[in-house]
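1. Dropping the sequence and predicted coords here.
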Amino acid sequence: MKKSLVALAVLSAFAGIASAQTSVTVYGVVDAGITREDNGVSKFNRLDSGNQSGSRLGFKGNEDLGGGLSAQFLLEQGFNVDSGSLGQNGLIFGRQAYVGLSGNFGQLRLGRQKTVMYDAIYTIDPFGIANKGGMDRLFATNTAELVNTPTALRGVGRANNTIAYFTPNLSGFTGQVTYSLGEQANNNQYGRQYGLSLNYAAGPLFVTLDYLNVNSVPVASLTAPIADSTAKTTLLGATYDFGVAKAHAAFGLDKGSVNVSPTAVRADQRDYMVGATIPFGASAVQVDYIRKLDRAGTGAGAKQYALGYTYALSKRTNFYSSFSATNQDNANYVSNGVANQIDRLLNVGVRHTF
């Protein structure tokens, strides 16, 4: 209740600022849909929030400081339409919260931000890292999680305490470097993340190469405490727009080590994705196939087929539907999934942006 009151007060204050300053923009997404899931053991019917795009309310601003230098900020809150609760585990601005400076040198940001892997997958994923066919369901995950490793080892998402630098556009090339402080006493490696990204865009072609290294924090409460856990994810992806259709492809490497007394578990996975987006009139079809190969012999492979459809009712409102079938081996990568079972998801919904 206290968090909700604080959030309301903060949002009201910024609404007042937005009305007084043209450099501040208020924006958002409201997305809700009905989902049917069958994981081979149980069946679920539910109303979900943020299927195609996470529901959010955001404030962003820019101030010209002169001499080619400007200051920016962004505060973005996630929320759940189905329950009215805050998203991202109840954080007031859990999606993003940063302040930065930009100029001829590029841009520097400080705060809670998206990882390089999130930005890359969002760009090359036919489903835009959302809906029921999103790449994040199988890409950039790590078998280290199968031994109770903290979920911070997931390579997709957002990171706190992040310093991010974005290069200017140089003949189609752009880059990004991020460093997230772990802020753990007596050890600056625990909880630390760093990422590198190189992108190239020219006409219909887009190519991205990304690397993310994530260290976990020891969990003393476990029966076999984790002393040092590291996940390393490398991604190469591309899209090419032929006009009548856009082709999508990606290849990923997931490697990691988890030292769990008295043994060590090592992850070694290969991720593949091929897909397409086919627009026609106000409609568009999305399709992809994803395969995760486990080279460490832990039985953590999986594959996924997905099909999606969107229809623009207006510039800001659209209908969507998607279906996916995820066949998991001795692993669990989806919300209500069960190892060694096929998880089937079907949804229909509506999204409005403002």
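-> Alright, I've got the coordinates. Numbering: from 1, shown residues only.

2. Pretty sure residue 57 sits against residue 81.
-> No: in this structure residue 57 lies outside contact range of residue 81 using C-beta atoms under 8 Å: 11.5 Å. The way it works is simple: take the backbone N, C-alpha and C, and place the C-beta from them, glycine included.

3. Which of these two has more residues huddled nearby?
-> Using other C-beta atoms under 10 Å as the criterion, residue 57 and residue 81 rank with residue 57 on top: 21 against 18.

4. Could you say which helix or strand holds the residue nearest to the more buried one when sequence neighbours are not counted?
-> The spatially closest residue to residue 57, leaving aside those adjacent along the chain, is residue 28, at 4.5 Å (C-beta to C-beta, 6 or more residues apart in numbering). Take DSSP states H and E as the rule and residue 28 turns out to sit in strand 24-38.

5. buried set for that strand?
-> Within strand 24-38, the residues that qualify as buried by neighbour count (16 or more other C-beta atoms under 10 Å) are 24, 26, 29, 30, 31, 32, 33, 35, 37, 38.

6. picking up where we left off before, residue contacts, the residue nearest to residue 57?
-> Remark: with contacts taken as C-beta atoms under 8 Å, 6 or more residues apart in numbering, residue 28 is in contact with 55, 56, 57, 58, 353, 354.

7. In helices only, show me these.
-> Secondary structure assignment by DSSP state H places none of those in helices.

8. Got a PyMOL select line for the buried ones in those?
-> Selecting the buried subset of the contacts of residue 28 in PyMOL, with 16+ other C-beta under 10 Å as the burial test, is done by:
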select buried, resi 55+56+57+58
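
9. so how far is residue 160 from residue 56?
-> Between residue 56 and residue 160 the distance, using C-beta to C-beta, to the nearest Å, works out to 18 Å.

10. Strands of the stretch 201-350 of the chain, residue ranges please.
-> For the stretch 201-350 of the chain, strands defined by DSSP state E, counting those that start in this stretch occupy the ranges 205-215, 226-241, 246-260, 263-280, 283-294, 302-312, 317-328, 342-353.

11. pLDDT value on residue 222, please?
-> As predicted, residue 222 sits at a pLDDT of 49.

12. Offset the numbering so it begins at 35, please.
-> All set: I'll call the first residue 35, so the last point we hit is now residue 256.

13. For residue 313, give its distance to residue 272.
-> Applying C-beta to C-beta, the value for residue 313 to residue 272 is 19 Å.
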